[in-house]
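Undergrad: Structure here, sequence nowhere to be found:
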């Protein structure tokens, strides 16, 4: 008869096959063949039984591990130990063995995805959540406690990572025009030191936060008034750091002036003459060009230049009056001034 009807045995899943565990023995008051002779174990895949004998002839059982254990597959085993004598009739007694398989850190963390992708607008405020990574570990206890970290934490200044929850948040302002995408490697580490990695790709989406600029790259100092229509006056370039519709710009010439802008290439325009110039009527023009993007709402800026009109000899001298009548006294000495005529010319210079 066993001293107790059940035994609890804890065996680590890392235990190697061949390991032995002494079990509680039974006692039989009979002697000879009527006394305890051996022990038997119910058939199973993982354990066998060896009958051992003490110096005084008493017998006790040893449980032998036959095959490796895996706590993640089966956490416990229920075995039946039987003690037998050889009496007539034979008598027996049983005890239950509860084998609890304890955890070993034999499983690394596993991310729910190897690659996470997410898009955020470039104007999101610091503290805004971006995404949450998730990882699991089939072990238990400390071996299943997971902490998250950036593998290159010192180089990542735009994002923050909660080491417990795996949530990534905005740490500092993003700028699409500086960095359009971030690729970050994250690490999950369990309490036993095993790690797993995943990649997070964060795409920064553009907003219309850059005003288009008008930049004059070449400009004539003077435009002669007899310049032909279509003559090149200035070359200008439109710059907008945004992308897509936010970076598409419409260029417009303001006011009623004898000029027009002609597209030369992408975001490059020529300012050319588009009307008759007359320095005598308008010696200079203040020309304003406005650039407006297609963002919502649209942004615009203007740039102004002064164009000076050069003179050509296109006007004859003109007397103040078409005819003059002069009365001369008969006794004037030679060389005396008898009259004065006046003429003007709207042209400049000689």
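TA: Noted; the coordinates are in hand. If you're wondering where the values come from, they're calculated on a predicted model, not measured in any experiment.
Undergrad: start to end distance for stretch 12-27?
TA: Using C-alpha to C-alpha, to the nearest Å, the end-to-end distance of stretch 12-27 comes out at 30 Å.
Undergrad: Any buried residues in that stretch, and which?
TA: 13, 21, 23, 25-26 (16 or more other C-beta atoms under 10 Å). Every C-beta, even on glycine, is put in place using the N, C-alpha and C of the backbone.
Undergrad: Out of the residues you listed, which is nearest to residue 213?
TA: Taking C-beta to C-beta as the measure, residue 213 sits nearest to residue 13 out of those, at 67.7 Å.
Undergrad: Identify the residues contacting the closest one.
TA: For residue 13, the contact set (C-beta atoms under 8 Å, 6 or more residues apart in numbering) comprises 68-72, 101-104, 106.
Undergrad: which one of the residues you listed sits closest to residue 296?
TA: Closest to residue 296, out of all of the contacts of residue 13 and judged by C-beta to C-beta, is residue 72, at 54.1 Å.
Undergrad: Okay, now the unreliable bits of this structure?
TA: Flagging of the chain using pLDDT under 70 yields the residue ranges 28-36, 350.
Undergrad: Geometrically speaking, which residue is the centre of it?
TA: The residue lying closest to the centre of the chain (C-alpha atoms, centre = their mean) is residue 202, at 2.1 Å.
Undergrad: Ignoring the adjacent residues along the chain, who's closest to that residue?
TA: residue 182 (4.4 Å; C-beta to C-beta, 6 or more residues apart in numbering).
Undergrad: Kindly indicate whether that neighbour is helix, strand or coil.
TA: Secondary structure, DSSP: H, G, I helix; E, B strand; the rest coil: residue 182 is strand.
Undergrad: Give me the number of neighbouring residues for it.
TA: 16 (other C-beta atoms under 10 Å).
Undergrad: For it, give its distance to residue 210.
TA: 20 Å (C-beta to C-beta, to the nearest Å).
Undergrad: Tell me the spacing between the spatially closest residue to residue 172 that is not a sequence neighbour and residue 117.
TA: Closest residue to residue 172 apart from its sequence neighbours, by C-beta to C-beta, 6+ apart: residue 158 at 5.3 Å. Counting by C-beta to C-beta, the separation of residue 158 from residue 117 is 17 Å.
Undergrad: who's more crowded, those two?
TA: Using other C-beta under 10 Å as the criterion, residue 158 and residue 117 rank with residue 158 on top: 17 against 12.
Undergrad: give me phi/psi at that one?
TA: Per-residue torsions, residue 158: phi -90, psi -20 (degrees, to the nearest 10).
Undergrad: Residue 191 now?
TA: Per-residue torsions, residue 191: phi -70, psi -20 (degrees, to the nearest 10).
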